[in-house]
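Enquirer: Here is my input, please return the structure:
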Amino acid sequence: MNLKVKELWEEAREPFSLELEAGGEGFDNEILERAINRPGLALTGFFQYFAFRRLQVFGLAEFTYMKSLGGPERNRRLRQFCQRRVPAIVLARNRHAPDELRALADEFRIPVMRTPMITSLFINECTVLIEDLTAPRRRVQGTMLDMMGIGVMIRGAAGIGKSETALTLIERGYSLVSDDVTELRRLASGRLVGSASELTRYHMEIRGLGIIHVPSLYGVSSIRGECPLDLVIDLVKPGSEKAGRGEENGPDEIELLEARVPRVELPVMPGRDMANIVEATALNQKLKFMGHDAAKELDEKLVTALQRRSVR
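Expert: Residues are numbered from 1 along each chain as shown. This next block holds a predicted model:
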């Protein structure tokens, strides 16, 4: 994990209505752990298990405790706290930093920010934001679609028909996530989420036609900002090295960002409606997620039929 306070400030400033109170020279400090800490025990002087690598949040309890201390004692406790070199402090409920904290924040270069949000809500939403900012990312070649809740990435060599297949599926009511290049990130749960880059979002390139803006042609329902990745479909030429290991033998898997995703290879041949086959493959994968596996069902029927014949 490598997240600077400046990066968090830039992403959280507007949605969380953050304002800088002090310590503006410490924006290069690094937040080394994803979780957020409320330093109640640390303010009492107990530092044995102090999570100093995390973003620190002062809520009503911390403010009430500091207010109960006399000026010299409050300054001593806050100095002990700041000497641990915490990355940054956020004050919830729009509370202003005490004068002692402002001075210490400037001295130790610790950014102090305030938000009007209540403490628990800020912690929940900021934790999600930090998870997103620190999630492992990778850019891969492939066109991604949301097909009835199934995130499908279509890959293949240049000119094999990825975008054309995706365009046909969009005409049938499915949604485009990205064309040709997909940005993947891995969530804390281990699931992959795909999206388009900012520059190419909502656009597609069709050979012979050029660049098209998908929502202008097919409406806003034809696009989606991001989608979990559930299936990778590789379009391959007949007789190629990979061809022949398709759905008839069951899908294999591919590893992306240390997560495994089901993968199916579909040979592309003249006259073959690839959009239909991709659609059937995606819907078949959805059935598997629901516990219905057609191949296993057929195997069980065949085994049962053979057993009956052997008994006779």
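Enquirer: what number of residues lie near residue 73?
Expert: 11 (other Cβ atoms under 10 Å). Every residue, glycine included, has its C-beta placed from N, CA and C.
Enquirer: Sorry, wrong one. I was asking about residue 125.
Expert: Residue 125 has 15 neighbours, counted by other Cβ under 10 Å.
Enquirer: Contacts only, for residue 98.
Expert: Each residue near residue 98 by Cβ atoms under 8 Å, 6 or more residues apart in numbering is listed here: 66, 74, 78.
Enquirer: any idea how far residue 112 is from it?
Expert: 10 Å (Cβ to Cβ, to the nearest Å).
Enquirer: Sketch out the low-pLDDT regions of this protein for me.
Expert: Residues of the chain meeting the criterion pLDDT under 70: 1, 240-251, 292, 295, 311-312.
Enquirer: Tell me where it has helices.
Expert: 5-12, 40-43, 60-68, 71-82, 99-108, 119-134, 162-171, 214-218, 274-289, 294-311 (DSSP state H).
Enquirer: most neighbours per residue, which of these?
Expert: Mean neighbour count, computed with mean count of other Cβ atoms under 10 Å, is highest for helix 162-171 among these, reaching a mean of 21.
Enquirer: how distant is that helix from the center of its chain?
Expert: Here the centre of helix 162-171 is set off from its chain's centre by 25 Å, with Cα atoms, centre = their mean, to the nearest Å.
Enquirer: can you list contacts of that helix?
Expert: 142-143, 145, 147, 154-156, 176, 179-180, 204-207, 214, 218, 222, 235, 274-275, 278-279.
Enquirer: now with 7 Å?
Expert: Helix 162-171 has contacts (Cβ atoms under 7 Å, 6 or more residues apart in numbering) with 143, 145, 147, 154, 156, 176, 179-180, 204-206, 214, 218, 222, 235, 274-275, 278-279.
Enquirer: Could you dump the helices of the chain into JSON lines with distance to residue 33 added?
Expert: JSON lines is the format used below for the helices of the chain (distance: least, Cβ to Cβ, whole Å):
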{"stretch": "helix 5-12", "distance to residue 33": "13"}
{"stretch": "helix 40-43", "distance to residue 33": "15"}
{"stretch": "helix 60-68", "distance to residue 33": "19"}
{"stretch": "helix 71-82", "distance to residue 33": "17"}
{"stretch": "helix 99-108", "distance to residue 33": "19"}
{"stretch": "helix 119-134", "distance to residue 33": "9"}
{"stretch": "helix 162-171", "distance to residue 33": "40"}
{"stretch": "helix 214-218", "distance to residue 33": "40"}
{"stretch": "helix 274-289", "distance to residue 33": "33"}
{"stretch": "helix 294-311", "distance to residue 33": "43"}
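Enquirer: domains for this protein, by residue range?
Expert: Domain ranges of the chain: 3-134, 138-294, per automatic domain parsing.
Enquirer: need the ones you listed in TSV with distance to residue 301, can you?
Expert: Output for the domains of the chain, formatted as TSV (distance: least, Cβ to Cβ, whole Å):
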stretch	distance to residue 301
domain 3-134	45
domain 138-294	11
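Enquirer: Any idea which of these gets closest to residue 308?
Expert: domain 138-294 (21.3 Å; Cβ to Cβ).
Enquirer: end-to-end on the closest one?
Expert: Across domain 138-294, the terminal residues are separated by 33 Å (Cα to Cα, to the nearest Å).
Enquirer: Distance from the chain centre to that domain, please.
Expert: Distance, centroid of domain 138-294 to centroid of chain: 18 Å (Cα atoms, centre = their mean).
Enquirer: from here on, count from 36
Expert: Okay, using 36 as the starting number, the last item reads as domain 173-329.
Enquirer: Nearest to residue 222 among the helices of the chain would be which one?
Expert: helix 154-169 (7.0 Å).
Enquirer: Mind giving me the packing neighbours of the closest one?
Expert: strand 38-39, helix 40-47, strand 71-72, strand 90-93 (3 or more Cβ pairs under 7 Å, 6 or more residues apart in numbering; DSSP states H and E).
Enquirer: right, so of those, which gets closest to residue 294?
Expert: Across the helices and strands packed on helix 154-169, closest to residue 294 is strand 38-39 (Cβ to Cβ), at 21.1 Å.
Enquirer: Looking at the helices of the chain, which is nearest to residue 65?
Expert: helix 40-47 (7.6 Å).
Enquirer: Could you tell me the angle between the closest one and helix 154-169?
Expert: Counting by axes from the mean of the first three to the mean of the last three Cα atoms, to 10 degrees, helix 40-47 lies at 110 degrees to helix 154-169.
Enquirer: Turn the helices and strands packed on helix 154-169 into JSON lines, including distance to residue 128.
Expert: Formatted as JSON lines, the helices and strands packed on helix 154-169 follow (distance: least, Cβ to Cβ, whole Å):
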{"stretch": "strand 38-39", "distance to residue 128": "24"}
{"stretch": "helix 40-47", "distance to residue 128": "16"}
{"stretch": "strand 71-72", "distance to residue 128": "15"}
{"stretch": "strand 90-93", "distance to residue 128": "9"}
